[in-house]
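Participant: Fold the stuff below for me.
(one chain, ligands or ions: 1)
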Amino acid sequence: PLAYVNGEFEDLENAKVDALDRGFIYGDGLYEVVAIYGGKLYQIDEHLERYKNGAEEMLFENYPAPEEIKKISHELLEKSGIKEGIIYLEVTRGTAPRKHSFPEPQKPNLFMFAKEAPRPDAEFKNNGIKTILVPDERWNRCNVKSINLLPNCFYKEKANREGAYEAIQVHRLGVTEGTSTNVFGVKDGVVYTAPTGQRILPGITRDTILKLADRIGIKVVEKFLSPEELYNCDEVFISSTTIKILPVKQIDQVTFPVSDYKTTFVLQEELEKYTLENR
Ligand code: PLP
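Facilitator: Numbers count the residues shown, from 1 in each chain. This is a model prediction of the structure:
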């Protein structure tokens, strides 16, 4: 894997950041994961738009412009020769003496790398994954793609220890999202997913799925489902940049008949086609 740190390209193994980087000290940083398909960057403008929104909301100053990150992404792509993989990018509020309030002036650090990444197993794509419900204990700005991922890591680990692939978080408002995925339920042909706002990350894949559903005449309702409503759905699936759409075959002790799924597989195929056409 090839990395980029503040102007220098180097092997990821050799890449170093400062111990006083505010990302390391406070988790004071933002990140994005962009997919590389067929040697091309997929939906990079959408990811950079979300990055910019997060940087503005978190009062970052002098942060790298989306156009600059895009240029470096293309360089990473070219220099690494990666055809199927991801570009990870992280911007922190910079290296500064340890003090909670922001440094003056802010001098953000940019760290990126490109690496090959396998697509999820056909087994998961076709036959589904197991999930568990967990409490959503995150702060109220989940729309910001912050590098503070301790709750997400904690509950992903819990899921894995219980033989599940993903943990689905439940806030007092209802079901929000997975630890690194958005969550959808289908009942009587209608697709339900949590609304954007402060409780979920506005997934790029989620957004594409909603557009595709609209285009092919599948009704979508954005609302927080209760856990009972989710258990009672005919179909459940999750989405993200790296996994696209995976059907859910189990939530806690409740099983779902993936072999009878219709809407999920229609959307999975539409998304696959869309990806090939738009990379
Ligand atoms: N929700 C969370 C908490 C995530 O971390 C991610 C991706 O990392 C997603 C949803 C899916 O977003 P996207 O489709 O933009 O990859």
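
Participant: What residues does this protein have near the ligand?
Facilitator: When proximity is defined as C-beta under 6 Å from any ligand atom, the chain approaches the ligand at 33, 177, 180-182, 201, 203-206, 239-241. The way it works is simple: take the backbone N, C-alpha and C, and place the C-beta from them, glycine included.

Participant: Between all of those, which two are separated the most?
Facilitator: The widest separation within the residues of the chain next to the ligand, taken as C-beta to C-beta, falls between 33 and 177 and amounts to 15.3 Å.

Participant: what are the phi and psi angles of whichever residue of the stretch 1-150 of the chain sits closest to the ligand?
Facilitator: Closest residue of the stretch 1-150 of the chain to the ligand, C-beta to the nearest ligand atom: residue 33 (5.9 Å). In terms of degrees, to the nearest 10, the main-chain angles of residue 33 are phi -120, psi 120.

Participant: cool, residue 109 as well?
Facilitator: phi -100, psi 140.

Participant: rewinding a little: in contact with the residue of the stretch 1-150 of the chain closest to the ligand, which residues?
Facilitator: The neighbourhood of residue 33, defined by C-beta atoms under 8 Å, 6 or more residues apart in numbering, consists of 47, 86-88, 241-242.

Participant: In strands, which of those fall?
Facilitator: 86-88 (DSSP state E).

Participant: want to try CSV for those residues, with distance to residue 39 and neighbour count as columns?
Facilitator: Shown next, in CSV, are these (distance: C-beta to C-beta, whole Å; neighbours: other C-beta atoms under 10 Å):
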residue, distance to residue 39, neighbour count
86, 13, 20
87, 12, 27
88, 17, 19
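
Participant: Output those residues as a markdown table; include the columns pLDDT.
Facilitator: A markdown table is the format used below for those (pLDDT from 0 to 100):
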| residue | pLDDT |
| --- | --- |
| 86 | 98 |
| 87 | 98 |
| 88 | 98 |
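
Participant: closest to residue 59 among the residues you listed?
Facilitator: Among the ones in strands among the contacts of residue 33, and counting by C-beta to C-beta, the member closest to residue 59 is residue 88, at 23.3 Å.
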